[in-house]
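1. Here you go, sequence then predicted model.
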Amino acid sequence: RARSVREEVELFGGLDLVFGCRHVPVDGAWAGVLVCSPLPYEVGAAHLPDARLARLLARSGVAVQRFHYRGTGHSDGDPAAVTLEAMVDDAREALQRLQDQSGVELVGFVGTAAGATVAALVARDVPGVPVALWRPFEPASPDHRLTDLLGTGARPLLVASSGLVESALGTDSGGSVRIP
């Protein structure tokens with residue numbers, strides 16, 4: 001049965017505030033998901049309807065935290081100061097907000113394009129959590145793969161590089177689900 005959902009819009013963080021929106025089942029959540037969005041210029045090429053996904057998950061009993069990185073969207077900050085390190089810091093703050101405000105301990109991550117790299121980097125600090133990477137960027141160095149960013153240890157992983165509907169579902173040798 002679909003649950004009623006409450007949407008909480010907030011600003012959090014330090015001097016430059018981060019815009020966030022949390023989607024919470026009214027009767028409580030059994031888990032949470034942090035959505036790490038693409039950068040604004042990536043939206044056309046790597047669009048995942050974050051708000052729709054968040055509402056669907058919340059109706060299924062999962063609290064979801066969305067946010068805009070500092071210097072992007074509705075967040076404060078200088079767009080020229082957006083770095084991977086700053087994006088990861090914002091994601092860690094958003095994850096803490098999700099856990100503090102919704103009371104969930106069990107979390108997972110969804111990341112799109114550059115947000116997939118952010119999700120992978122934050123998820124590696126939380127052993128065993130599920131991660132879904134939508135149209136992720138591979139690191140420029142051939143010595144590193146995106147999945148290496150997740151660190152060691154088993155975890156459920158979904159990597160999608162094109163549309164879910166038109167793609168064949170497969171599994172790589174590491175047990176991760178890959179959608180070509």
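-> Sure thing, it's come through. Residues are numbered from 1 along each chain as shown.
2. what distance separates stretch 127-134 from the centre of its chain?
-> The chain centre lies 9 Å from the centre of stretch 127-134; the measure is Cα atoms, centre = their mean, to the nearest Å.
3. List the buried residues in the longest helix seen in the chain.
-> Using DSSP state H, we find that the single longest helix of the chain is helix 84-102. Under the neighbour-count criterion of 16 or more other Cβ atoms under 10 Å, helix 84-102 has 86-91, 93-95, 97-99, 101-102 buried. C-betas here are computed from N, CA, C, even on glycine.
4. Distance to Leu15 and pLDDT for those residues - can I get that in a markdown table?
-> Shown next, in a markdown table, are the buried residues of helix 84-102 (distance: Cβ to Cβ, whole Å; pLDDT from 0 to 100):
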| residue | distance to Leu15 | pLDDT |
| --- | --- | --- |
| Ala86 | 13 | 94 |
| Met87 | 17 | 95 |
| Val88 | 18 | 95 |
| Asp89 | 13 | 96 |
| Asp90 | 13 | 97 |
| Ala91 | 18 | 97 |
| Glu93 | 13 | 97 |
| Ala94 | 17 | 97 |
| Leu95 | 20 | 98 |
| Arg97 | 17 | 97 |
| Leu98 | 22 | 97 |
| Gln99 | 23 | 97 |
| Gln101 | 21 | 96 |
| Ser102 | 25 | 95 |
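5. about what we covered before: relative orientation of the helix or strand just after the longest helix of the chain and helix 84-102 in degrees?
-> Per DSSP states H and E, the first helix or strand lying C-terminal to helix 84-102 is strand 107-112. Using axes from the mean of the first three to the mean of the last three Cα atoms, to 10 degrees, the inter-axis angle of strand 107-112 relative to helix 84-102 is 140 degrees.
6. Now do the following helix or strand past strand 107-112, average pLDDT.
-> Going down the chain from strand 107-112, the next helix or strand is helix 114-123, by DSSP H and E. Averaged across helix 114-123, pLDDT comes to 91.
7. what does stretch 60-68 give?
-> Mean predicted confidence for stretch 60-68 is 96.
8. Stretch 22-41 now?
-> 92.
9. what comes up buried for it?
-> 22-25, 29, 31-39.
10. just to revisit the earlier point, closest to Val110 among the buried residues of helix 84-102?
-> Ranking the buried residues of helix 84-102 by separation from Val110, with Cβ to Cβ as the measure, puts Ala91 on top at 11.3 Å.
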